[in-house]
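Trainee: generate coordinates for the sequence data below:
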Amino acid sequence: EKTVGRSPTVFLVQDHNHSVFGAYVPAPIENNTSHYGSAETFLFTLHPVFSVYASSGDNGMYVLTSAGGVSFGGVVHGDDHQAGLSISHDMHTGHSTSGPTYTNPGPIASAQTFTCLHVECWALVRPPLSDAWSLLGHF
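Mentor: Residues are numbered from 1 along each chain as shown. Predicted coordinates for the structure are as follows:
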């Protein structure tokens, strides 16, 4: 909720096997029932290995954020979601597989279906100039 309308955003997940992975989203986060974003969105892994998986350019299913959860490259629910990464609305479970949107050859998590130990979402924004000065205090 705190990241809605802010950009860029980084989603970080640690799964039940302690793999760390996520997504970078340059577009503002929206609560939307249709896909949005741009080809600058990408998936990545940090642990146990560092890898970046760019957009394939095959479709525009970059990000989907809805009451069902968040998905990168597919839909949140269903047997044929083909999401590079999807996380349920309660942030407890997720799914990852290869699909047409991103270049990951398989799951970016430790398993295709996983349990989330930690989920974080960071909005990487600068405060407006007026706020920045107020944060510095007076000299």
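Trainee: from L46, how far off is the residue positioned nearest the centre of the chain?
Mentor: For the chain, the residue nearest the mean C-alpha position is A23 (3.7 Å; CA atoms, centre = their mean). Distance check for A23 against L46: by CB to CB, to the nearest Å, it reads 12 Å. All C-beta spots, glycine's among them, are computed from the backbone N, C-alpha and C.
Trainee: common neighbours of the two, please.
Mentor: Residues touching both A23 and L46 (CB atoms under 8 Å, 6 or more residues apart in numbering): none.
Trainee: one step back: strand partners of the helix or strand where the residue nearest to the centre of the chain lies, parallel vs antiparallel please.
Mentor: Using DSSP states H and E, the element containing A23 is strand 20-25. Taking DSSP bridges as the criterion, strand 20-25 forms sheet pairs with strand 9-15 (antiparallel), strand 42-47 (antiparallel).
Trainee: which one of these lies closest to C121?
Mentor: Closest to C121 of the strands paired with strand 20-25, according to CB to CB: strand 9-15, at 5.3 Å.
Trainee: circling back: tell me which of the strands paired with strand 20-25 sits nearest to G73.
Mentor: Per CB to CB, nearest to G73 of the strands paired with strand 20-25: strand 42-47, 7.6 Å.
Trainee: for the helix or strand just after that closest one, list every residue counted as buried.
Mentor: Next in sequence after strand 42-47, counting helices and strands by DSSP H and E, comes strand 51-53. In terms of neighbour count (16 or more other CB atoms under 10 Å), strand 51-53 has its buried residues at Y53.
Trainee: same check on stretch 17-26?
Mentor: 19-25.
Trainee: pull the distance from that stretch to the chain's centre.
Mentor: Centroid separation for stretch 17-26 versus its chain: 7 Å, with CA atoms, centre = their mean, to the nearest Å.
Trainee: now the terminal residues of it, how far apart.
Mentor: 28 Å (CA to CA, to the nearest Å).
Trainee: before we move on, back to that, between the strands paired with strand 20-25, which gets nearest to I87?
Mentor: Distance to I87, taken as CB to CB, is lowest for strand 9-15 among the strands paired with strand 20-25, at 6.7 Å.
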